[in-house]
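Trainee: Dropping a prediction and its sequence here:
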Amino acid sequence: MPTIGQHNERDRAVSITLTHVLTIGITTVLIAMLLTASGTMLESETERSADASLETIGERIANEIGNVDQIANGTDDSVTLTTEHPRTVASSRYTIELRTDCDEPLLDEVDCVTLTAEDTDAVAHVPIKTDETISETSATGGTIEIVYESDEISIRSRSR
């Protein structure tokens, strides 16, 4: 004849095992959610950092183009300005383009410098104002040359 005490002890052992399995399952789900959320937050912060970096570099390049434009103003000589910029932003290489008549909001029919990161969706458009004509050229981040010759300003990558 089974006793009541023996039956309750068996239920208690199942209850402890079930509690441990549920605790491990809930903990695993919570850790997975934390890792997913932190990965999304890190990706968002990386893109925001890339946007800010591209904007800063674009402002510097626009200023340097303005300097070349002032030096070249009214001269037939060629001018070359070599500048150093970071090779990457947020661990991503980027491209610098001189564009005429940008088709971006607030930059319609204005010359601009466009910087585009390769591994993120970061893009920056910075307007430039020059007296000389802009040649639609491009370069990669790092050491670049801003060149005025034949009445045009262009950019090119410079290898070390």
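Mentor: Structure's in. What do you need?
Trainee: Arg48 in helix, strand or coil?
Mentor: The three-state label given to Arg48 by DSSP: H, G, I helix; E, B strand; the rest coil is helix.
Trainee: list the contacts for it?
Mentor: Applying Cβ atoms under 8 Å, 6 or more residues apart in numbering to Arg48 gives no contacts. The way it works is simple: take the backbone N, C-alpha and C, and place the C-beta from them, glycine included.
Trainee: Point to the residue nearest the middle of this structure.
Mentor: Taking Cα atoms, centre = their mean, the centroid of the chain lies closest to Ala50, which sits 2.8 Å from it.
Trainee: Now do the contacts for it.
Mentor: By Cβ under 8 Å, 6+ apart, the contact set of Ala50 is 89-90, 92, 117, 120, 122.
Trainee: Most neighbours among the residues you listed, which one?
Mentor: Val89 (27 neighbours; other Cβ atoms under 10 Å).
Trainee: Next one: it from Ser49, what distance?
Mentor: Distance of Val89 to Ser49, computed by Cβ to Cβ, to the nearest Å: 8 Å.
Trainee: Leu81 against Gly66, yeah?
Mentor: No - taking contacts as Cβ atoms under 8 Å, Leu81 lies outside contact range of Gly66: 10.7 Å.
Trainee: so Leu18 sits in a helix?
Mentor: Yes - Leu18 forms part of a helix when assessed by three-state DSSP.
Trainee: residues near it, how many?
Mentor: Other residues close to Leu18 by other Cβ under 10 Å number 10.
Trainee: try Ala32
Mentor: Neighbour tally, Ala32, other Cβ under 10 Å: 10.
Trainee: Helix or strand: which one has it?
Mentor: Taking DSSP states H and E as the criterion, Ala32 maps to helix 4-72.
Trainee: Who are the contact partners of Glu145?
Mentor: Glu145 sits next to 80-83, 139, 155-158 when contact means Cβ under 8 Å, 6+ apart.
Trainee: Let's see that with 10 Å instead.
Mentor: 68, 80-83, 139, 154-158 (Cβ atoms under 10 Å, 6 or more residues apart in numbering).
Trainee: Same question for Arg93.
Mentor: 87, 116-119, 140-142 are the contacts of Arg93 under Cβ under 10 Å, 6+ apart.
Trainee: And Ile146, by the same measure?
Mentor: Residues 61, 64-69, 79-83, 98, 137, 139, 153-156 are the ones in contact with Ile146 under the rule Cβ under 10 Å, 6+ apart.
Trainee: residue ranges with poor pLDDT in the chain?
Mentor: Within the chain, the stretches with pLDDT under 70 are 1-13, 160.
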